[in-house]
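> this one's structure only:
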């Protein structure tokens with residue numbers, strides 16, 4: 001069956017990573033939504049939560065590296081690959097923006113709508129994928145990407161119609177239809193696309209010789225620095241670590257967000273190593289149907305016909321893509337395959 005072909009999932013591990021990636025992201029949207037107050041605000045410092053998540057990721061990545069190596073190897077690799085360490089500052093800064101915007105946007109949208117709008121990244125990812133890896137998409141692949149995008153904008157179109165129907169007596173100009181949170185979503189989309197593809201470039205090209213967990217250490221070190229700068233910029237650096245602020249983060253629900261998000265970071269790196277950014281995008285699309293059902297069961301968020309139609313179109317696009325997956329192998333694997341082909 002094409003959906004479970006060796007091209008799409010080359011190993012059992014890649015399929016497990018795919019399922020884990022979806023499950024963790026579904027859980028994240030639900031956990032963040034559950035932590036909101038009645039006025040859709042948060043009782044804790046969200047930047048501090050992101051910072052602590054990066055610290056937990058760093059500890060986990062370092063521990064996994066040291067499990068098969070030594071502490072001295074850890075520091076030796078940091079010095080040896082210091083150029084790659086600095087290159088990771090770019091995706092780290094973009095992921096810092098993405099992770100902090102997650103809380104901002106989930107305060108304005110329910111998880112299903114939020115994940116639907118995030119699917120605008122498919123076209124951006126496709127373009128960047130071509131530019132970076134020279135993996136030109138076929139007409140069928142572009143059709144699947146565009147079909148997915150159409151499916152994902154349906155719910156937002158419905159949202160705009162509903163929002164302005166109550167004010168139909170007053171003429172609505174172009175700017176009346178622009179929601180600041182929709183602009184934040186687009187900012188999150190671009191940061192996600194560029195960070196994901198650039199990270200994949202480092203994992204499979206420039207940093208291909210760097211151990212996967214060492215690459216994670218580089219990413220999380222830079223992410224901690226970026227989030228510390230955000231706290232300094234907001235004038236909350238010292239306040240964030242006061243007893244009262246820490247106490248709000250020690251709530252079980254908030255700690256669950258930190259742990260779940262840390263797991264997402266580790267699984268995402270495994271995803272990019274074993275699969276690719278385009279398939280990562282479609283994993284996110286498959287989250288929609290499960291998120292919609294769970295949000296209806298947990299929060300009572302209605303699943304209307306627009307949501308059903310959007311999920312159906314997204315699922316069709318996902319199946320279409322599964323017939324023609326983009327295969328992007330690591331640099332050393334591609335060179336090995338090229339050599340074998342030349343010999344033959």
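Everything's here; your move. Note that the structure is predicted; figures quoted are calculated from it, not measured.
> pLDDT of stretch 77-84, averaged?
The pLDDT scores in stretch 77-84 average 91.
> any weak-confidence spans in the chain?
Applying pLDDT under 70 to the chain flags the ranges 1-8, 132-133, 135, 155-178, 272-282, 284-285, 321-344.
> now do 50
1, 164-166, 168, 174, 338-344 (pLDDT under 50).
> Three-state assignment for the most centrally placed residue in it, please.
Centroid check for the chain by C-alpha atoms, centre = their mean gives residue 192 as the closest residue, at 6.1 Å. With DSSP: H, G, I helix; E, B strand; the rest coil as the basis, residue 192 sits in helix.
> Was I right to think it contacts residue 96?
No: counting by C-beta atoms under 8 Å, residue 192 does not reach residue 96; the two are 11.9 Å apart. Quick note: C-beta positions are derived from backbone N, CA and C, even for glycine.
> what sits against residue 78?
85, 214, 217-218 (C-beta atoms under 8 Å, 6 or more residues apart in numbering).
> Return the member of these nearest to residue 59.
Set against residue 59, the nearest of the contacts of residue 78 by C-beta to C-beta is residue 217 (9.8 Å).
> Enumerate every residue touching the closest one.
Contacts of residue 217 by C-beta under 8 Å, 6+ apart are 58, 61-62, 65, 74, 78.
> Distance check, it against residue 87.
Distance, residue 217 to residue 87, by C-beta to C-beta, to the nearest Å: 14 Å.
> rewinding a little: tell me the one of the contacts of residue 78 nearest residue 145?
Set against residue 145, the nearest of the contacts of residue 78 by C-beta to C-beta is residue 218 (30.4 Å).
> hang on, the earlier thing: buried subset of the contacts of residue 217?
Among the contacts of residue 217, those buried by neighbour count (16 or more other C-beta atoms under 10 Å) are 58, 61-62, 65, 74.
> roughly how far apart are the nearest residue to residue 119 once chain neighbours are set aside and residue 30?
Spatially, and ignoring its direct neighbours in sequence, residue 119 is nearest to residue 152 (3.6 Å; C-beta to C-beta, 6 or more residues apart in numbering). Note on residue 152: its distance to residue 30, by C-beta to C-beta, is 19 Å.
> Those two: who's more crowded?
Neighbours per residue (other C-beta atoms under 10 Å) separate residue 152 from residue 30, with residue 152 holding more: 24 against 19.
> Now for the more buried one: which residues touch it?
With contact set as C-beta under 8 Å, 6+ apart, residue 152 has these partners: 116-117, 119-120, 122, 285, 310, 314.
> swap in residue 64?
Counting by C-beta under 8 Å, 6+ apart, residue 64 touches 213, 266.
> Pretty sure it sits in a strand.
No: looking at residue 64 with three-state DSSP, it is helix, so not inside a strand.
> ok, it to residue 56 distance?
13 Å.
> Now do the helices in the stretch 151-300 of the chain.
Ranges of helices in the stretch 151-300 of the chain, per DSSP state H, counting those that start in this stretch, are 180-201, 212-233, 243-249, 252-274, 277-299.
> Who are the packing partners of the fourth one?
What it means is helix 252-274. Under the contact criterion of 3 or more C-beta pairs under 8 Å, 6 or more residues apart in numbering; DSSP states H and E, helix 252-274 touches helix 12-34, helix 46-68, helix 180-201, helix 212-233, helix 243-249, helix 277-299.
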